[in-house]
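Chemist: can you look at this prediction? I've put the sequence above it.
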Amino acid sequence: MELEFFDDPRPFLDAAGGLLAQDPVLGSVIASVSERTARELAEGHDSWAGVDAPFARWWLVVRDDAGTVVSAAMRTAPFRPHPTFAMPMHEEAARALAAALHERGELLGGANGALPGAATLARETARLTGGELVTDKAMRLWEATSVEVPAAPAGRLRRATEDDAELVLSWFEAFHAEADEQAGREPDPDSGEHNTLDSVLVRIREGIEWLWELPDGTLAHLSGAGLPAYGVSRIGPVFTPSEHRGHGIASYVVGELTRRGLEAGHRMCLFTDLANPTSNKIYSNLGYAPVVDMAEHVVRI
């Protein structure tokens, strides 16, 4: 077994491409983040420069004894504690990664991704540092190979424009806080994907953010449908302000975006928080089926 680190997404994608193409749903987060970063760097922009992280971001492939790439991980999260994200990883490789980071003095404060590898990485990091392992969120990755789109509520689905950017940003921020509340957790301002107006504008220009507009022009819902990476598009975030819930907007929008993606030949996936039974039921009813359970872990020193 060998761990190979990369500081640039393009050579990483060259190395990991076979694995990501072989299992593109499991690799959708790593593939989409890496491809977006590669596009950003090719355009001469590096958002990591403003993150002020105490380490250089990296990507990793795990090779077996024959040299075949069998797993991949990355540490590119711009928010504290800058957790890793890993595809399914053998426990031996996860322990070796924890040891490698510890040996080079890189404190790993969180490990996310597929179980049991992500849990082993966090647990071994806690052992090496004398820290405490906390399982913060239990997540599930789902895929739809077909979809049952419910009847459309009153209104229309449209792409977000640059004029909507500030609203989209505020809803991104509200999404994470309200997801914690709905799951019975104390909202954590440092959790979840952190966005800026610039990052939201990038997503809007990519055409991946969608809004539901009521007949009177009121905006009532936000859903994202990411650019395909290795043929896979991932839905999220999905957010409806509390005053507009209960009218079937989220079910319809996610179903419709899933239908469009499938008809375009894409595989469609999304994540749910297992502590939120409402969202799990909605997506199951649409036709999504579980792929793998994942978790977000925090290591407190």
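Modeler: Arrived safely, thanks for sending.

Chemist: how about D52, secondary structure?
Modeler: Per DSSP: H, G, I helix; E, B strand; the rest coil, the local secondary structure of D52 is coil.

Chemist: what's around it, how many residues?
Modeler: Residues lying near D52 (other CB atoms under 10 Å) number 7. No exception for glycine: its C-beta is placed from N, CA and C like everyone else's.

Chemist: now it. Its backbone dihedrals?
Modeler: phi 60, psi 40 (degrees, to the nearest 10).

Chemist: ok, the one 5 residues further on next?
Modeler: For R57, the backbone dihedrals are phi -60, psi 160 (criterion: degrees, to the nearest 10).

Chemist: I'd say it and A73 touch.
Modeler: No. Counting by CB atoms under 8 Å, R57 sits too far from A73 to count as a contact (11.8 Å).

Chemist: the more surrounded of these two?
Modeler: When R57 is set against A73 and neighbours are counted by other CB under 10 Å, the residue ahead is A73, at 28 against 19.

Chemist: wait, that one touches L60, no?
Modeler: Yes. Contact criterion CB under 8 Å: A73 and L60 qualify, at 4.6 Å.

Chemist: overlap in contacts of these two?
Modeler: Residues touching both A73 and L60 (CB atoms under 8 Å, 6 or more residues apart in numbering) are L97.

Chemist: stretch 211-223: end-to-end distance?
Modeler: Its start and end residues considered, stretch 211-223 measures 7 Å (CA to CA, to the nearest Å).

Chemist: just for the stretch 1-150 of the chain, where's the confidence low?
Modeler: Low-confidence segments of the stretch 1-150 of the chain, defined by pLDDT under 70, are absent.

Chemist: that one: helices as residue ranges?
Modeler: According to DSSP state H, counting those that start in this stretch, the stretch 1-150 of the chain carries its helices in the segments 9-22, 28-42, 91-103, 117-129.

Chemist: show me what the longest one is packed against.
Modeler: Packing partners of helix 28-42 (3 or more CB pairs under 8 Å, 6 or more residues apart in numbering; DSSP states H and E): helix 9-22, strand 69-75, strand 84-86, strand 232-239.

Chemist: tally up the residues packed near the closest residue to V70 other than its chain neighbours, please.
Modeler: Spatial nearest neighbour of V70, chain neighbours left out: D64 (5.0 Å); criterion: CB to CB, 6 or more residues apart in numbering. One way to gauge burial is a neighbour count; for D64, by other CB under 10 Å, it gives 13.

Chemist: got phi/psi on D64?
Modeler: Note on D64: backbone dihedrals following degrees, to the nearest 10 are phi -80, psi -170.

Chemist: just to check, it is in contact with L19?
Modeler: No. Counting by CB under 8 Å, D64 sits too far from L19 to count as a contact (11.2 Å).

Chemist: between these two, which contacts overlap?
Modeler: With contacts taken as CB under 8 Å, 6+ apart, the residues that reach both D64 and L19 are V70.

Chemist: measure the residue lying closest to R156 once chain neighbours are set aside to R158 for me?
Modeler: Counting by CB to CB, 6+ apart, E213 is the residue found nearest to R156 once chain neighbours are left out, at 5.4 Å. E213 sits 6 Å away from R158, going by CB to CB, to the nearest Å.

Chemist: same check on A138?
Modeler: Spatial separation of A138 from R158 under the definition CB to CB is 34 Å.

Chemist: of the two, which one has the most company?
Modeler: Between A138 and R158, A138 has the larger neighbour count (other CB under 10 Å), namely 15 against 12.

Chemist: break this protein down into its structural domains.
Modeler: Dividing the chain into domains by automatic domain parsing, as the record does, gives the ranges 2-130, 156-293.

Chemist: out of those domains, flag the one nearest V299.
Modeler: With respect to V299, and counting by CB to CB, the nearest of these is domain 2-130 at 5.0 Å.

Chemist: now the terminal residues of that closest one, how far apart.
Modeler: 26 Å.

Chemist: make TSV out of the helices and strands packed on helix 28-42 and add distance to N195.
Modeler: What follows is the helices and strands packed on helix 28-42, written out as TSV (distance: least, CB to CB, whole Å):
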stretch	distance to N195
helix 9-22	19
strand 69-75	18
strand 84-86	17
strand 232-239	10
